[in-house]
Every structure is written in structure tokens, then in C-alpha cells.
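Trainee: What would the 3D arrangement of this be:
(chains A and B)
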Protein chains: 2
Amino acid sequence: MSETELHPEQQPPESELDEDDRLKPEFVSAVLEAVAAGDAETARMRVAPLHPADIADLVELTPAELRPALAAAISDLIDGDVLAEMNDWVREALVDALEPHQVADIAAELDTDDAVAIIEDMDFEDQREVLRALDPDDRAAIEEALSYPEETAGRLMQRELIAVPEHWTVGDVLDYLRGHEELATDFWEIFVVDPAHHPVGTCALSWILRTPRGVSISDVMKREQTLIPGDMDQEEVALRFQKYALISAAVVDSSGRLVGMITVDDVVHIISEEAGEDILRLSGAGDGDINEPVLTTVRTRLVWLVVNLGTAMIAASVVNLFDRVIAGYALLAALMGIVSGMGGNAGTQTLAVVVRALATNQLTESNMTRTVLRELRIAAVNGLSLGVLIGLGTLVIFHNPTLSFVFGLAILINNLIAGLAGVLIPLTMDRLRIDPAVSSAVFVTLMTDSLGFFAFLGLATLFRVHGGA
Amino acid sequence: MSETELHPEQQPPESELDEDDRLKPEFVSAVLEAVAAGDAETARMRVAPLHPADIADLVELTPAELRPALAAAISDLIDGDVLAEMNDWVREALVDALEPHQVADIAAELDTDDAVAIIEDMDFEDQREVLRALDPDDRAAIEEALSYPEETAGRLMQRELIAVPEHWTVGDVLDYLRGHEELATDFWEIFVVDPAHHPVGTCALSWILRTPRGVSISDVMKREQTLIPGDMDQEEVALRFQKYALISAAVVDSSGRLVGMITVDDVVHIISEEAGEDILRLSGAGDGDINEPVLTTVRTRLVWLVVNLGTAMIAASVVNLFDRVIAGYALLAALMGIVSGMGGNAGTQTLAVVVRALATNQLTESNMTRTVLRELRIAAVNGLSLGVLIGLGTLVIFHNPTLSFVFGLAILINNLIAGLAGVLIPLTMDRLRIDPAVSSAVFVTLMTDSLGFFAFLGLATLFRVHGGA
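Mentor: Model prediction:
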């Protein structure tokens, strides 16, 4: 892999990582063996040089039953940064094992958003205890964040930010930043506020660095800024960061006062989660988190399977309407699955495209009609191609013209049904403000299965298809 | 929506956007009507205040046949930033309509990465012409970027970056930045290099701002840095930015020299694309881009449907083995779809979870066995629950104990098959370095359909299930 070509000394301590930045299995097992053997020192020495994100991965890769032992062995290495990087389920289990004052110590050293991420999962009682153990400022910050609903900007924002008055010069800003030890150390933009603490502009650090001390900050700042309301859903926040290529953004309360800042590195996780969620919801796998307790997963998936059992039974009863036709010509039973299957595949294709286009705001009212027509055109072309292909194939194999015609026609019809259902159902769900990724698949399958069977077996009855000809 | 509560003057010019930051349909149609009516001035006035990203959206939302007229009406507003934000297909069409020297003028004003994004899609001839029309520096930068394979760090990086020698002080850096007009204006970190131009450290601007002039830059910089090899795949780049919460990173050539910089805002798009791709590939929808020409989409999807036709035919031939059994008891034909359907759903659930876990590096060799066992446990519990549920239901409805037993058992068996196939097939594909999202679904369906039918109809034959009892 190309990394190996690089001078080792230029590499971050990645020697324990493979070319995809994953911890090498040898390393993981070596550490776990040390832990199992009670040799905490060796474990510590191996883990110490790792980046917090990699230590978090190590804990996740460790079997649940071994995690407490590992955590005990490297306890001083599992700081707030590590916990912040950790999978929710894994972190929750670890945090539950800690004393509230230990959690408080960890939370105190973190930015608000990371502290909140750790505390929001705890049950109410422990949460209270942790908050009591915090000093008043931290407590106030975290309590305000917790006052916003989960998965909103208010939970993502950090209080640690730099805000300066309009009348300051670049020099004032430099002196202020150099003079105050307690200020935030990691920030990418500073916010310019009016006396009422309303943001009036944003100033990238690179502009400040390139401007002489004498210039007024209000001449350097960008006036049009993207403000994030504290109660905005995190998915919208992510889309906004993405659309406007933001590095950080000011979070304002309902009266427009600056209350916090969201930085892109916190949003990056959400962008990838939200984009990945669709795939999992569409297939009824819930959050699809491999660290989730088995029973939670079983429940989520079973509900979906039972719902689909319903649609499968409806499809089956459609088939059963034609039991006499089938008994007369059992080949129909074998072929009908191809009709429903092809329809199901075509429907899923359309569904996936439409769900994705909706999630990324590419599909709006303005191009809705065009998109529906586009999917119909595609369905028609593919249905026709498959219909002819399958019809001819059937003729060659079974020498039964009526069967071939009925089969091909049913394929075409079901492709059209699939295209129509695949685009109209998610659009309707979206209009009803129901997440199309969660709810659409069942209905699309219901359509392609039931109507597919009905079209095929119905036509077979109509045209008196039988083995004899 | 909460934005409305904000003081209007604090909002970016978003009045034309709905609460999801999408252009309002009224606005889009108003602009397009003006364009259609030949009233370019009105169109320009409406569009001018928009953010480049919104202008790009507007073009995408415009029907293809109207785009040239729109582009002509607002040509001066469609600058490089707008093109950089635009969907590849839409941009390609627009760029093809431009003269090479026009493209060159646009490319010249852009950062390398954006210029490359515009030029890399052009056919070789036009590309040459555009490059010839560029001044030597820009040409060299773009030609070097183009020398890296598509979808690698080399294509994403921009040449515009700040690199300073180790021995400089913070003051030297400030004077350098203030003294040189031609330097990059938007950057978040500066890179410290040795005489051979190898990066030795990275320095966030916030640290520079907080440090007195006299301090040496080498005392402020972070020595462990994440270096990106120019030939690294963009998906790996994205994962690395995400994992280490990077804002920008140095790109190095094969000998470790600093050749460019990648910033997080360029990576954010990739993170969301790569995460979204899985959903589309898994369903055989290719890139699933609604702006893709219909014929390209038809081809991609048709290939997938034909492949699935193959698996459907195999499943059908399995059913056909049992035509006598089915002819004797047509109800089996109706119920067998439920067996394959339930298996298909369970398989897709597991598949989606595993594909996602692999894509996000959460599933590695270290927790592979654990994950396989986890999925099997889930499959067993769900299969048992569904089997019993369906068995009892069948007994109640059809009063046929043998059928109920066979049906329930087949459901259980097919759930186990689904769980096993859903986890082992993508893991195998990944091991073979084949994208599991593209290739796994077909095989999983093949298993759940064929083996599902075989289990159900086979057991029915074995236990002589018939309507009589």
C-alpha cells in the first residue's frame, strides 16, 4: 500500500493499523491476551501511542465480556476524547460502570457537545448526580444543551467559541486571543456580535492572519452567514454544512442570540450516519448497529418481518385465487415467482434512487413530475426488453405461444407497476412527512408481488393457458 | 419553522428557500417563466442574490431542454463556484456548450481541485485545448492532478496552501501572510516543511493567533500529522478525515514531498456520496443519479435485472422439480412464496447491516467471528418465532397439522440460510476485494429463494403433505 512508500518518520503512529486505517487483528489479539493474562502494563504500553479514535475502536473490537478488564487495564488512557469517539452502545456500557464523579471529571474536560453525548445516554438519576458533581459553569452549559431535543443543533453545539464586538480591530482580536489563557484553543472562525449578542458576521482565521492590525474586524468579516437555530434537526444541520461547505457555524436561540458553535468535524459523523441509515431502514434493519444488544436487534427486525409476513400472505391469497389454474398447469407456479421477482427488483431500484434523491434534497416539487416520468420511461423500456426476452425464451423452451405471450406481457405490466409504485409511494410518504426509507419498501413489495401474481395468473386464466398447447 | 423566528437581517439571502434549504417551487417556476418569456433581466435579478450552491441547484431543477436558455440568461452568474457545486451530468452538458477558452477562464479562477472536477469530465481533445489556453502555472497544477487516477487524493487536492520552514517564528509567519497578496486566502492550517519540502508538522491557525510573535513555529506545530498519499482512494481519504476529525490534511507524493492539501469541505461530499452509494448498489441502481441520461440508467439497471432473471430462473426450476406435488395440492404454490419472501427479507436485513459495518470499518477480522455468531443467533430467534407463529396460524386456518409443521420448519430453515448467507457472502466478497454492496445481493437472493423453495416443497414431499389431511 502506498503509505509504506512514505518515510516512516513522517507517518502518524499508525504502525498498528492496516492500509485501511483499521487496527491490525494481530495487535488487537496481542493486547487482549495481555489483558486476559493480567499483564496490564504490557497492554498499556501497546495502547498508549494510539490515537483516541483508535483506542475507541480497540474497545469496540473487544468482546463485550472482556471490555471491563481492558478498560481497567488502560483506564488512564480512556479519557473524554476516547469516549467521544466510541460507539454509543459500547460507551453506555462503559460509562454505566463508572462512578458519577468519575463521569463528571471526564465531562468537565470535554467540549460541551462531547460531554452531552456522554451524559445524554445515562438514565435520569445518574445524569442528575453527574450534573451535581460538575462546577456551575459546565453544569449550566450542559443543562442548556440537554434542554434542546435529542438530535438537534442544540445537542451538537459547543459553548467554547470566540465572539468579539464589531468595533474591535484585528489587533484587538490578536491581543485578546493572546491575553486570555482560558479561551478556546481550537476554532476556525470567530463570530462578530452586536451588544445584544446577535451575530452580525463571521471571520475566517485566515483572513485575520492576512490583515494588518489596524483594520477594523467589521471590514474583514463576512456579513452573510448561515445561522443554525438551536432546535434545527441534526440532519438539516448536516445538509446545510454540506451545501454551503461550512467549517463552523453559529447556533442561535429563538431570539437570535449567539448561544454556541457547531464545527464540521461533529457534522461529518452525522452526514455519514444519515446517509447510511437509509440503506438500513429501507431493508428494515433499524439502526443496524453491530454493537447493539442482540435482543434490541431481534425486536427491531422481527417487527419488520412480521409486517412483511402480512404482505406475503396477501400475495399468497392472490395466488390461491387461481389454485385450479395452477393445479391444471403446475408450471405456472414455477414461473409466477419470476414475474414477482423481476417486479420486486425493478421496484427496489426505483425506490432506492428516489429515497436517496429525497434525502439529499435533489428531488423537490420543481422536478417531481419530471422524475416520475423519467422512472416510467425507464420502467417501460426495461419492462419491454425483459418481456420480449422472457417471452422468446419461454417459446424456445416450452413451445407454448400463449404461455410465452402471457408471461412476457405480465413481466412488462409488473415492471410498469414497479416503476410507478417505486416513485409514487416514497413521494407520497415524504409529502405526509413520513420517512420514505422506513415505510415505502413494504408497500412497493406488496404491489409488485400481489399485482404481479394477479397479472400473470389472471392473464393465464383469461387466455386459457394450459400444458396442452 | 424556527428560521422565521430569527431577525430577517441575520439570515443569509434564503428567502427563496423553504425550511429544508431547498429552492421554493414558486421561485424556480418564476425564473423559468421569465427565461421562457425571453425576459433575461428579470431572471438575472431574481437569481443574482442566490448562493452559488443554490444557483447550481436551480440549474439542476431546470428541465434539460430549458437549461441552455437559463444559462444564457444568467451566464455571468454561472461562475466557477457554481459549476463546482453542480451535479456532474448537468455540469458536463453545460461545459460542453462552452468554448475551450471560456472553460479555461473559469478554471483559472478556481482552486486546483474544482478546476480538475470541471476538466476531468471533458473528452481528451477539449481537455488539451483548455489546458493550452491556461497559463503555465495553472496548467502544470492541473496536469499534475490529472496524472493521478480518478477518485484519488491527487484529484481532490488543491495546490493553494501555506507551507513555511521550521526555523520561522510566529511573527515571520504573520508578516509573510500579510506581505504576499498572491497567497491563498482560505486555509485552516499551515504546513511546516523541511528544506526537502517534506511536511514535518501542522499548525492550526487558532494556535498561531494565540501565540506571541517571538515563539518559533516549531514549538506551536503538531508533529504527529495524518499524511495523505496522492494515490490514496477517495473513500479511504474520507474515512481518514472522519476518523481523525481532520479539517485539512497534507497530500504527499511517493517520495513524501508536500504536493497539495485536501480540505474537509471537499471530503464532506464524498462521505455522503460513498455512504449513499451502498444503498443504490445493493439495489442494483448503479449511481442512482436522477440527472443521469435515461439510456445510461436503463443500461445499468437492465444488466442487474437480467442477472437477477438468472437467479429467478434457477429458483423457478427448483419449484418445477415439484410440479407433481404442486399439481396435487395447489395451496403449496401459494404458500411457498411466503417462505422465500420471509427468507429474502431476513437476508436483506443482515446483508444491509454487514455491508454498512464493512464500509465504515466497524467490522474487521478482529470481530468477524463474533459478528457471524451474532447474526446466526438473531436468525435463530427470528426464525423460531416466525416458524411457530406461521405454523400455528396455518393450523388454525387450514386444520392441516403436517402442512403446518412443514411450513413452520421451512420458515425456520430459510431464516437460518438467510442469516448465514447474509453475513458470509459479503464477508467473502470483501475478502476477495470485491465491493460487497454491488455483488452480494444476487447470491443472497439466490440462496433464500432456491433453498427456501427446496426446503418447503422438499419437506412437503417427504411428509406427503396433501389437501386431504
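Trainee: Residue A:343 touches residue A:420, doesn't it?
Mentor: No. Judged on Cβ atoms under 8 Å, residue A:343 makes no contact with residue A:420 at a distance of 10.9 Å. Every residue, glycine included, has its C-beta placed from N, CA and C.
Trainee: Those two: who's more crowded?
Mentor: Shown here are residue A:343 and residue A:420; by other Cβ atoms under 10 Å in any protein chain shown, residue A:343 has more neighbours (35 against 18).
Trainee: So that one versus residue B:308, what's the distance?
Mentor: 11 Å (Cβ to Cβ, to the nearest Å).
Trainee: Residue A:405 now?
Mentor: For residue A:405 relative to residue B:308 (Cβ to Cβ), the value is 22 Å.
Trainee: More neighbours: which of the two?
Mentor: residue B:308 (21 against 17).
Trainee: In space, what's closest to that one - neighbours in sequence excluded?
Mentor: residue A:345 (4.9 Å; Cβ to Cβ, 6 or more residues apart in numbering or on different chains).
Trainee: and the one you found, what helix or strand is that in?
Mentor: Counting by DSSP states H and E, the element that carries residue A:345 is helix A:331-359.
Trainee: so how far is that helix off the chain centroid?
Mentor: A distance of 25 Å separates the centroid of the chain from that of helix A:331-359, by Cα atoms, centre = their mean, to the nearest Å.
Trainee: what angle do that helix and helix B:331-359 make?
Mentor: 30 degrees (axes from the mean of the first three to the mean of the last three Cα atoms, to 10 degrees).
Trainee: What are the buried residues along the following helix or strand past helix A:331-359?
Mentor: Sequence order places helix A:368-398 as the next helix or strand after helix A:331-359, per DSSP H and E. With burial defined by 16 or more other Cβ atoms under 10 Å in any protein chain shown, the residues of helix A:368-398 counted as buried are A:371-372, A:374-376, A:378-379, A:381-383, A:385-387, A:389-391, A:394-395.
Trainee: cool, stretch A:101-108 as well?
Mentor: So for stretch A:101-108, counting by 16+ other Cβ under 10 Å, buried means A:103, A:104, A:105, A:106, A:107, A:108.
Trainee: Those in helices, which ones?
Mentor: Counted as lying in helices by DSSP state H, out of these, are A:103, A:104, A:105, A:106, A:107, A:108.
Trainee: And the pLDDT for residue A:465?
Mentor: For residue A:465, the pLDDT comes out at 89.
Trainee: again with residue A:179
Mentor: On pLDDT, residue A:179 comes in at 88.
Trainee: what about chain A, any weak spots by pLDDT?
Mentor: Regions of chain A meeting the criterion pLDDT under 70 cover residues A:1-14, A:468-469.
Trainee: So what are the structural domains in it, by residue number?
Mentor: A:25-154, A:163-263, A:294-463 (the TED database).
Trainee: quick one, which of those domains is packed in tightest?
Mentor: Highest mean neighbour count of the domains of chain A: domain A:294-463, a mean of 21 (counted as mean count of other Cβ atoms under 10 Å in any protein chain shown).
Trainee: Quick one: distance of that one to the chain centre.
Mentor: 27 Å.
Trainee: before we move on, what about stretch A:218-230?
Mentor: That offset, for stretch A:218-230, works out to 28 Å (Cα atoms, centre = their mean).
Trainee: Give me the contact list for it.
Mentor: Residues outside stretch A:218-230 that contact it (Cβ atoms under 8 Å, 6 or more residues apart in numbering or on different chains): A:148, A:152-154, A:157, A:166-167, A:170, A:192, A:199-204, A:207-208, A:211, A:237, A:240, A:244, A:246, A:249-254, A:256, A:259-260, A:262, B:2-3, B:5-6, B:10-13.
Trainee: possible to save the domains of chain A as a markdown table with distance to residue B:445?
Mentor: Shown next, in a markdown table, are the domains of chain A (distance: least, Cβ to Cβ, whole Å):
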| stretch | distance to residue B:445 |
| --- | --- |
| domain A:25-154 | 30 |
| domain A:163-263 | 31 |
| domain A:294-463 | 8 |
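Trainee: The residue lying closest to residue A:139 once chain neighbours are set aside: what's it in contact with?
Mentor: Closest residue to residue A:139 apart from its sequence neighbours, by Cβ to Cβ, 6+ apart: residue A:131 at 5.1 Å. Neighbouring residues of residue A:131 by Cβ under 8 Å, 6+ apart: A:104, A:119, A:139, A:142, A:143.
Trainee: Is residue A:49 in a helix, a strand, or coil?
Mentor: Three-state assignment for residue A:49 (DSSP: H, G, I helix; E, B strand; the rest coil): coil.
Trainee: Now that residue A:354 has come up, it's in contact with residue A:367, right?
Mentor: No. With contacts counted by Cβ under 8 Å, residue A:354 stays clear of residue A:367, the gap being 11.7 Å.
Trainee: Alongside chain B, which residues does the stretch 51-200 of chain A contribute?
Mentor: A:51, A:53, A:57, A:60-61, A:63, A:87, A:173-174, A:177-178, A:183-188, A:198-200 (Cβ under 8 Å from any Cβ of the partner chain).
Trainee: The same query, at a cut-off of 6 Å, please.
Mentor: A:53, A:61, A:177, A:178, A:186, A:187, A:188 (Cβ under 6 Å from any Cβ of the partner chain).
Trainee: helix, strand or coil for the third one?
Mentor: So that's residue A:177. helix.
Trainee: Tell me how far it lies from residue B:230.
Mentor: To residue B:230, residue A:177 is 35 Å away according to Cβ to Cβ.
Trainee: do the fourth one as well
Mentor: For residue A:178, the distance to residue B:230 under the criterion Cβ to Cβ works out to 37 Å.
Trainee: Which of the contacts of residue A:131 fall within helices?
Mentor: Per DSSP H, the contacts of residue A:131 map to helices at A:104, A:119, A:139, A:142, A:143.
Trainee: before we move on, the earlier item: could the contacts of residue A:131 go into TSV alongside distance to residue B:288?
Mentor: Listed next are the contacts of residue A:131 as TSV, based on distance: Cβ to Cβ, whole Å:
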residue	distance to residue B:288
A:104	47
A:119	39
A:139	47
A:142	41
A:143	43
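Trainee: before we move on, which element is the residue nearest in space to the middle of chain A in?
Mentor: Centroid check for chain A by Cα atoms, centre = their mean gives residue A:273 as the closest residue, at 2.0 Å. Per DSSP H and E: residue A:273 is located in helix A:264-282.
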